[in-house]
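K.L.:
What follows is a protein structure lacking sequence information:
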């Protein structure tokens, strides 16, 4: 925010395409747009429910830090609500231990801490989805094969992950 305040002194109009969840300082300095996330994640989660038969979910993503990820999380929750599914609070991993992002080792820890395995794990982006797929593969290859994993942003390498992870193609 210190940098943003410095730029604002020039008096130029400012537009933000993502901000921290508690973004009052940003809102006072410019316009905040959230262009992607809610509807795409809602649709992806609905697809998992309607087409893949998923009823038990986990979510991994820093929804408490970023408005963009928060919108994806709310889209996920909205789809669950529309289908009368109430996700287990203990399976909603929305705050990484470093308060910045989920690293591979943190995703491994999340998978280890799960008290039961869900039908699907919805991830904030494709990187976390890849980490999830690898952690599940190490834990139990059969589990990794049958689990539905979703990402977001379509940055998955074709050769290794494309068949295993559902993602959103952001234009």
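P.N.:
Perfect, I can see it now. Predicted, not measured: the structure shown is a model, and the values here were computed from it. Residues are numbered from 1 along each chain as shown.
K.L.:
contacts and neighbour counts: CA atoms only from here.
P.N.:
OK.
K.L.:
Give me the next element, helix or strand, following the worst-scoring helix or strand of the chain on mean pLDDT.
P.N.:
Ranked by mean pLDDT, DSSP states H and E, the weakest helix or strand in the chain is helix 158-161, scoring a mean of 60. Counting by DSSP states H and E, the next helix or strand C-terminal to helix 158-161 is strand 165-166.
K.L.:
what residues are up against the residue sitting nearest the centre point of the chain?
P.N.:
When C-alpha atoms, centre = their mean is applied to the chain, the residue found nearest the centroid is residue 124 (1.4 Å). For residue 124, the contact set (C-alpha atoms under 8 Å, 6 or more residues apart in numbering) comprises 59-62, 69, 72-73, 151-152.
K.L.:
swap the cut-off to 7 Å and go again
P.N.:
60-61, 69, 72, 151-152 (C-alpha atoms under 7 Å, 6 or more residues apart in numbering).
K.L.:
Please tabulate the residues you listed in a markdown table, including the columns distance to residue 26.
P.N.:
What follows is the contacts of residue 124, written out as a markdown table (distance: C-alpha to C-alpha, whole Å):
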| residue | distance to residue 26 |
| --- | --- |
| 60 | 26 |
| 61 | 22 |
| 69 | 17 |
| 72 | 20 |
| 151 | 28 |
| 152 | 25 |
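K.L.:
Pull out the buried members of these.
P.N.:
Buried residues within the contacts of residue 124, counting neighbours by 16 or more other C-alpha atoms under 10 Å: 60-61, 69, 72, 151-152.
K.L.:
Select from those every entry located in strands.
P.N.:
residue 60 (DSSP state E).
K.L.:
and of the buried ones among the contacts of residue 124, the nearest to residue 170?
P.N.:
For the buried ones among the contacts of residue 124, the residue nearest residue 170 by C-alpha to C-alpha is residue 152; the value is 7.8 Å.
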